[in-house]
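Participant: Quick one, what's the 3D model for this:
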Amino acid sequence: MIRTIHKSKVEYGDFQTPLELANKVCQKLIELGVSPDFIVEPTCGVGNFIEAAIDKFSSTNKIIGMELNWNHLQGLEKKSIFQNERVEIKQGDFFTFDWSSLISSLNGKILVLGNFPWVTNSRQGTIESANLPKKNNFLNHTGFDAITGKSNFDISEWMLIQVVHWLQNREAYLAMLCKTSVSRKLLNYLHSQRLNISYCATYRIDTKKYFDANVEACLLFCKFHSNYQKYFCDVFNSLDSSLSHQIGYKNNLLIKDVISFDQLKQLYDSTAETKWRSGIKHDCSNIMEFHRIGDSLINGLGEVIDIEETYLFPLLKGSDVAQNRTKITERYVLVTQKFVGEPTEKIKNIAPKTWSYLESHASYLNNRKSKIYLNNPPFSIFGVGSYTFAPWKIAISGLYKKLEFKLIGKIKEKPVVFDDTVYFLSFNEQEVASETFQLLNSPAANKFYSSLIFWDEKRPIKSSILNCLNITKLAD
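Facilitator: Got it, this is the predicted structure:
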């Protein structure tokens, strides 16, 4: 159980920005020519950003801070900043306050400054937090994405999106500490909605030093002006660095390194015939996966299982692929369908012991939480098709931070199956698989993919990126 004090800290993202960092951020904004008439900090916490802003922005007319936590407000009352005539501190909830009315009442240049909570909506749900925006599919995910993990989001992402809407069609600035991945998601949202932005940059911050956290984070800086729609972002290694590279949109795809991509853009093809697939999704490893020890099969519950070999296939996980454990395996998985939606009742006649096993453990499978299993045949899986059963595959782990493809054949005369952290191409002929494998490991392919992959992401390698490469053009 999360202790009450720790739960409160997680719930409100209550990791306060040190005054040293707040001062450095404000100094960087001065260097960038930011001179606002009004500064708004929507979640001001203990007031360190407000204190830094008072010192650095002497010509600003008013500095407005909002805070929900009453303990922080009581602490602010004891500080001299609370008595400063340019400062106005309000108690309020970001998610219910009428920000549009406040922002529209401020005539002049606005800077929205601060540090929103670094926590996801699913994490808030885990601790039963009420500190959430009203639930809705605000990113407009559809179909499979809307009912699986893609609907999870950072609270700060939602909050930043609200801010950019406040600042549309006026001269304004945004300077916010956030996860680096969130800064890219915001750029993606601006691009997808064709919203105004005239400049964007990120400056990496040392989260270990300032927050004792191991996460890639940055100062996100945006300038807004009517009729400017520049969906590029200069990326700096630190607040003090003058060297940068540029990320931006090409062919409606966010590119990690625009210059490198432009050098190999002839290899890009969003409609390439080659199709990377992800491995099997079943969401019930205790029942569907087994270890073979000697002549015995043991499931995740520790039960010794007696079933036919018909629906059993050798299983490699992402860690196996990344660490080159691809020749042998003692791990197996039940593959109950040859394609998504295939009726499963025939298992009863083909492999009666397998069907009996599934029925006796049906409660586990029926309790799978994902909505994708609703209204599908019993014991259904996803990520399965004719490609699953091809004898040769080229595979790569989506979770590991290295671009390393593996050529994989059958194990014990059966095609290898992967979990859903692996992406793969399938082949019926070894010669074609080997030729493709050589091409994918070429310097040109490596440089092309490296220009697209953001290595700080949780799953840096994605099928959408892998599918961008036209292997036929690469061969030429």
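Participant: and the residue lying closest to residue 283 once chain neighbours are set aside, what helix or strand is that in?
Facilitator: Spatial nearest neighbour of residue 283, excluding adjacent residues (Cβ to Cβ, 6 or more residues apart in numbering): residue 368 at 4.6 Å. C-beta here means a position set from N, CA and C on the backbone, and glycine is covered the same way. For residue 368, there is no enclosing helix or strand under DSSP states H and E.
Participant: Same check on residue 113?
Facilitator: strand 110-115.
Participant: Now for residue 61, how many residues are close by?
Facilitator: Burial measure for residue 61: 14 neighbouring residues, criterion other Cβ atoms under 10 Å.
Participant: any idea how far the closest residue in space to it that isn't next to it in sequence is from residue 59?
Facilitator: Leaving out its chain neighbours, the residue that sits closest to residue 61 by Cβ to Cβ, 6+ apart is residue 37, at 5.1 Å. The gap separating residue 37 from residue 59 is 8 Å, by Cβ to Cβ, to the nearest Å.
Participant: Then residue 294?
Facilitator: Computed as Cβ to Cβ, the residue 294 to residue 59 distance reads 79 Å.
Participant: With residue 257 instead?
Facilitator: Here residue 257 is placed at a distance of 38 Å from residue 59 (Cβ to Cβ).
Participant: Comparing these two, which residue is more hemmed in?
Facilitator: residue 257 (18 against 7).
Participant: looking at it, the more buried one is touching residue 245, isn't it?
Facilitator: Yes. With contact defined as Cβ atoms under 8 Å, residue 257 reaches residue 245; the gap is 5.7 Å.
Participant: follow-up on the earlier one: burial count for the residue nearest to residue 283?
Facilitator: 15.
Participant: Report pLDDT for it.
Facilitator: On the pLDDT scale, residue 368 is placed at 94.
Participant: That one and residue 286 touch, don't they?
Facilitator: No. Under the criterion of Cβ under 8 Å, residue 368 makes no contact with residue 286, lying 11.4 Å away.
Participant: just to revisit the earlier point, which strands or helices does the strand holding residue 113 pack on?
Facilitator: With contacts defined as 3 or more Cβ pairs under 8 Å, 6 or more residues apart in numbering; DSSP states H and E, strand 110-115 has these neighbours: helix 19-31, strand 38-41, helix 48-56, strand 172-179.
Participant: got the angle between the last one and helix 19-31?
Facilitator: In this case it means strand 172-179. If you take axes from the mean of the first three to the mean of the last three Cα atoms, to 10 degrees, strand 172-179 sits at 140 degrees to helix 19-31.
Participant: Not counting strand 172-179 itself, show me its contacts.
Facilitator: Outside strand 172-179, the residues that touch it by Cβ atoms under 8 Å, 6 or more residues apart in numbering are 17, 21, 25, 29, 34, 36, 109-116, 118, 154, 156, 160, 163-164, 167, 205, 215-224.
Participant: Of the helices and strands packed on strand 110-115, which is nearest residue 411?
Facilitator: Nearest to residue 411 among these is strand 172-179; the distance by Cβ to Cβ comes to 39.3 Å.
Participant: buried set for the closest one?
Facilitator: 172, 173, 174, 175, 176, 177, 178, 179 (16 or more other Cβ atoms under 10 Å).
Participant: next one: stretch 396-412
Facilitator: For stretch 396-412, a neighbour-count test (16+ other Cβ under 10 Å) marks 396, 397, 398, 399, 400, 403, 405, 406, 407, 408, 411 as buried.
Participant: Residue most distant from the centroid, this protein?
Facilitator: Residue farthest from the centre of the chain, counting by Cα atoms, centre = their mean, is residue 349 at 43.3 Å.
Participant: Would you verify that that residue is located in a helix?
Facilitator: Yes. Counting by DSSP: H, G, I helix; E, B strand; the rest coil, residue 349 falls inside a helix.
Participant: before we move on, the earlier item: switch the helices and strands packed on strand 110-115 over to TSV; also include mean pLDDT.
Facilitator: Shown next, in TSV, are the helices and strands packed on strand 110-115 (pLDDT from 0 to 100):
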stretch	mean pLDDT
helix 19-31	97
strand 38-41	97
helix 48-56	94
strand 172-179	97
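Participant: Going by the annotation, which residue ranges form each domain of the chain?
Facilitator: By the record's domain assignment, the chain is partitioned as 4-250, 277-475 (automatic domain parsing).
Participant: Out of those domains, name the one with the poorest average pLDDT.
Facilitator: Taking the mean pLDDT of the domains of the chain, domain 4-250 comes last: a mean of 84.
Participant: For stretch 251-259, what does the pLDDT average out to?
Facilitator: Across stretch 251-259, the per-residue pLDDT values average to 89.
Participant: Name the residues of it that are buried.
Facilitator: 254, 255, 256, 257, 258.
Participant: so the third one touches residue 247, yeah?
Facilitator: Yes. Using Cβ under 8 Å as the test, residue 256 is close enough to residue 247 to be in contact (5.6 Å).
Participant: How much space separates residue 373 from residue 367?
Facilitator: Between residue 373 and residue 367 the computed distance is 10 Å (Cβ to Cβ).
Participant: quick one, helices of the stretch 201-350 of the chain?
Facilitator: 207-211, 258-263, 285-288, 318-322, 347-350 (DSSP state H, counting those that start in this stretch).
Participant: what comes into contact with the longest one?
Facilitator: Applying Cβ under 8 Å, 6+ apart, the contact partners of helix 258-263 are 232, 245-248, 250, 255, 268, 447-448, 450-452.
Participant: Which members of those are positioned in strands?
Facilitator: Using DSSP state E, the members of the contacts of helix 258-263 that fall within strands are 232, 245, 246, 247, 248, 250, 255.
Participant: what pLDDT does residue 3 get?
Facilitator: 38.
Participant: follow-up on the earlier one: quick check on the contacts of strand 172-179: which are buried?
Facilitator: 17, 21, 25, 29, 34, 36, 109-116, 118, 154, 156, 160, 163-164, 167, 205, 216-224.
Participant: Just give the closest residue to residue 107, not the sequence neighbours.
Facilitator: residue 37 (7.8 Å).
Participant: any idea how far stretch 292-299 is from the chain center?
Facilitator: 37 Å (Cα atoms, centre = their mean, to the nearest Å).
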